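Novice: Generate coordinates for the sequence data below:
(2 chains)
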2 protein chains.
Amino acid sequence: MTIEQFVAQSSGKWRSMRSGHSLAFQQFEEVLSEVVIEKLSKEDPGVKQLLESSLAKEQDKCSISSPFKMEWCAESDWEPDDPSEVSSGSCIIVPLTKDKSSGTLIRSVGYAESESAISEYSFLDDGTFTLTTQYEQSIAEERIWFVSENVRCRSSVLRTSAGSGILQTSFASEVRRINA
Amino acid sequence: MTIEQFVAQSSGKWRSMRSGHSLAFQQFEEVLSEVVIEKLSKEDPGVKQLLESSLAKEQDKCSISSPFKMEWCAESDWEPDDPSEVSSGSCIIVPLTKDKSSGTLIRSVGYAESESAISEYSFLDDGTFTLTTQYEQSIAEERIWFVSENVRCRSSVLRTSAGSGILQTSFASEVRRINA
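Specialist: Okay, the predicted model is just below:
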C-alpha cells in the first residue's frame, strides 16, 4: 500500500460510528458522524498556505503526495433543535513521502488538540496505515485499515507525553455512503 | 513476536471495556467485563481432550506451543440482582505453530458462535496478532496489539461467509489488573 492508494481508497463520504474509552474512569462515549475525504490539488491555496506555515524543510516539499481535505460533522449537528452540541470541523492533510511505505503528514488541525500537527506515518505489511502524532501534552497513535472496499476501521490510543500512561482509546467503524 | 511471547504477555487478569458496532442498524453496544488468561501445561487434561476431539492432524500435534485458558465474565454478572444477563464463559486455546510467526489455533468454544473452532493466526511486522476464524455462517477477523505492557487493544470484524458483507465490528480496551 502506498499513500496515493490509501488516499484514493479513502476518498468519499463515510458514515462513522465511533466509540471512545476513557480508561481511568471506565467511561464510554458514542458518536455518530459523517466524514468526507476529498483529494486536493498540490496547487490548492490551502495546501500551499499550510506548507508555507509549516516546519517542513524545503527539500521535503518536493515529495508532496496526494494532499487531501477531511471534513467531519457529528450527527447531533444535523439537528437544528440542539445547537449546543456542535462538533464539526475540517482539516487539510499534506503527506510528504520518505519512501514507498512511510513519511510525514502535515495537518492543519490536529486530532487530539486544536493546533496544527506533524505526524509520522507508515504502512504495516498487511496495508494497515499507522500514524504517530506528538502534541504538546500527549502522543496520539492511530491506525486505519480497510476491511472491505467500503468499510474501514480506525483506532486511536492517546498517551501522556511522558509516554507510559494511556489516557484513552477510540475505535471507529466507517461505512462508505454510496448514494449520498 | 512469537506465540510464546504473546501468550506470556497476555497472561493475567484484565479489565475490559468493549464496544460493539452493528453496522446495518447503527447500534452501539457497551460491555464491561473481566478477562482472565492463564497458561496451561501441554499435559493438562482439557488440552489433551481438545486435541483428541479436534480435526488437527497427527503431525500438527507435534507443534503445540503455549496452550492457555481464557475466562470472561461480564460486569452485570457480578450483580446478584440481575441474573438474567448472564454472559460469562471460558475456553481452552491450543496454538499449533506452522513457522515462527504463524500457525493455527484450536479453540474449545468459538468467539462468534458457540462451537469449537479452528483459526489461522499470524503476526504483522509491528507485533500485532491477527486471527481469522471460519464459522458455519460467518468469518471473524480479530487483531490484538499491546499499546503498553499493561494495556492491550482488541478489534474484531464479523463478515458473512459469502465474504463481502460486514455484519458488525467490535473494539476492546483491556487494562491489566495489577492488584486483583
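Novice: where does chain A have low pLDDT?
Specialist: A:55-61, A:76-86, A:110-115, A:163, A:179-180 (pLDDT under 70).
Novice: mind redoing it with 80?
Specialist: Residue ranges of chain A with pLDDT under 80: A:54-62, A:75-87, A:109-116, A:162-164, A:179-180.
Novice: where exactly do the strands run in it?
Specialist: Counting by DSSP state E, the segments of chain A that form strands are A:12-22, A:27-39, A:68-74, A:88-99, A:102-107, A:117-123, A:129-134, A:138-148, A:151-160, A:166-176.
Novice: can you put those strands in CSV and add mean neighbour count?
Specialist: The C-beta positions use only the backbone N, C-alpha and C, and glycine is treated the same way. Converted to CSV, the strands of chain A look like this (neighbours: other CB atoms under 10 Å in any protein chain shown):
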stretch, mean neighbour count
strand A:12-22, 21
strand A:27-39, 16
strand A:68-74, 18
strand A:88-99, 18
strand A:102-107, 19
strand A:117-123, 19
strand A:129-134, 19
strand A:138-148, 18
strand A:151-160, 21
strand A:166-176, 22
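Novice: and those as a markdown table, adding distance to B:Ser170?
Specialist: Putting these into a markdown table (distance: least, CB to CB, whole Å) gives the following:
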| stretch | distance to B:Ser170 |
| --- | --- |
| strand A:12-22 | 9 |
| strand A:27-39 | 13 |
| strand A:68-74 | 22 |
| strand A:88-99 | 27 |
| strand A:102-107 | 28 |
| strand A:117-123 | 24 |
| strand A:129-134 | 20 |
| strand A:138-148 | 12 |
| strand A:151-160 | 10 |
| strand A:166-176 | 8 |
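Novice: List the contacts of A:Ser161.
Specialist: Contacts for A:Ser161 (CB atoms under 8 Å, 6 or more residues apart in numbering or on different chains) come out as A:Gln134, A:Tyr135, A:Glu136, A:Gln137, A:Ser138, A:Ile139.
Novice: Just read off the phi/psi values of the fourth one.
Specialist: The phi and psi values for A:Gln137, taken as degrees, to the nearest 10, are phi -100, psi -10.
Novice: Find the nearest non-adjacent residue to it, please.
Specialist: A:Ser161 (5.9 Å; CB to CB, 6 or more residues apart in numbering or on different chains).
Novice: how close does that neighbour sit to chain B?
Specialist: According to CB to the nearest CB, to the nearest Å, A:Ser161 and chain B sit 14 Å apart.
Novice: cool, A:Phe123 as well?
Specialist: Distance, A:Phe123 to chain B, by CB to the nearest CB: 10 Å.
Novice: Wondering if stretch A:11-23 reaches chain B at all.
Specialist: Yes - using CB under 8 Å from any CB of the partner chain, stretch A:11-23 comes into contact with chain B via A:Arg15, A:Met17, A:Ser19, A:His21, A:Leu23.
Novice: Test my guess that the third one contacts A:Leu32.
Specialist: In other words, A:Ser19. No - using CB atoms under 8 Å, A:Ser19 is not in contact with A:Leu32, being 10.7 Å away.
Novice: thinking again about what came up before, B:Ser54 is nearest to which of the strands of chain A?
Specialist: strand A:138-148 (28.2 Å; CB to CB).
Novice: Can I get that closest one in PDB? Just the C-alpha atoms.
Specialist: The C-alpha atoms that make up strand A:138-148 are tabulated as PDB, following Å, rounded to 0.1, in the frame of the first residue of the first chain:
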ATOM      1  CA  SER A 138       0.100  13.900  24.500                       C
ATOM      2  CA  ILE A 139       1.000  11.400  21.800                       C
ATOM      3  CA  ALA A 140      -1.700  10.000  19.600                       C
ATOM      4  CA  GLU A 141      -1.200   6.700  17.800                       C
ATOM      5  CA  GLU A 142      -3.800   5.900  15.200                       C
ATOM      6  CA  ARG A 143      -4.200   3.000  12.800                       C
ATOM      7  CA  ILE A 144      -6.600   2.800   9.900                       C
ATOM      8  CA  TRP A 145      -7.300  -0.400   7.900                       C
ATOM      9  CA  PHE A 146      -9.800  -1.400   5.200                       C
ATOM     10  CA  VAL A 147     -11.800  -4.500   5.900                       C
ATOM     11  CA  SER A 148     -13.600  -4.200   2.600                       C
END
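Novice: Can you give the distance of that strand from its chain's centre?
Specialist: Counting by CA atoms, centre = their mean, to the nearest Å, strand A:138-148 is centred 8 Å from the centre of its parent chain.
Novice: Grab the CA positions of stretch A:89-101 and hand them over as PDB.
Specialist: This file holds the C-alpha atoms of stretch A:89-101, laid out as PDB (Å, rounded to 0.1, in the frame of the first residue of the first chain):
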ATOM      1  CA  GLY A  89     -14.600  20.800  11.500                       C
ATOM      2  CA  SER A  90     -12.200  20.200   8.700                       C
ATOM      3  CA  CYS A  91      -8.500  20.000   8.200                       C
ATOM      4  CA  ILE A  92      -6.100  19.800   5.300                       C
ATOM      5  CA  ILE A  93      -3.600  17.000   5.300                       C
ATOM      6  CA  VAL A  94      -0.400  17.000   3.200                       C
ATOM      7  CA  PRO A  95       1.600  13.800   3.000                       C
ATOM      8  CA  LEU A  96       5.400  14.100   2.400                       C
ATOM      9  CA  THR A  97       6.800  10.700   1.300                       C
ATOM     10  CA  LYS A  98      10.100   9.500   2.700                       C
ATOM     11  CA  ASP A  99      10.000   6.100   0.900                       C
ATOM     12  CA  LYS A 100       7.300   3.900  -0.600                       C
ATOM     13  CA  SER A 101       5.700   3.000   2.700                       C
END
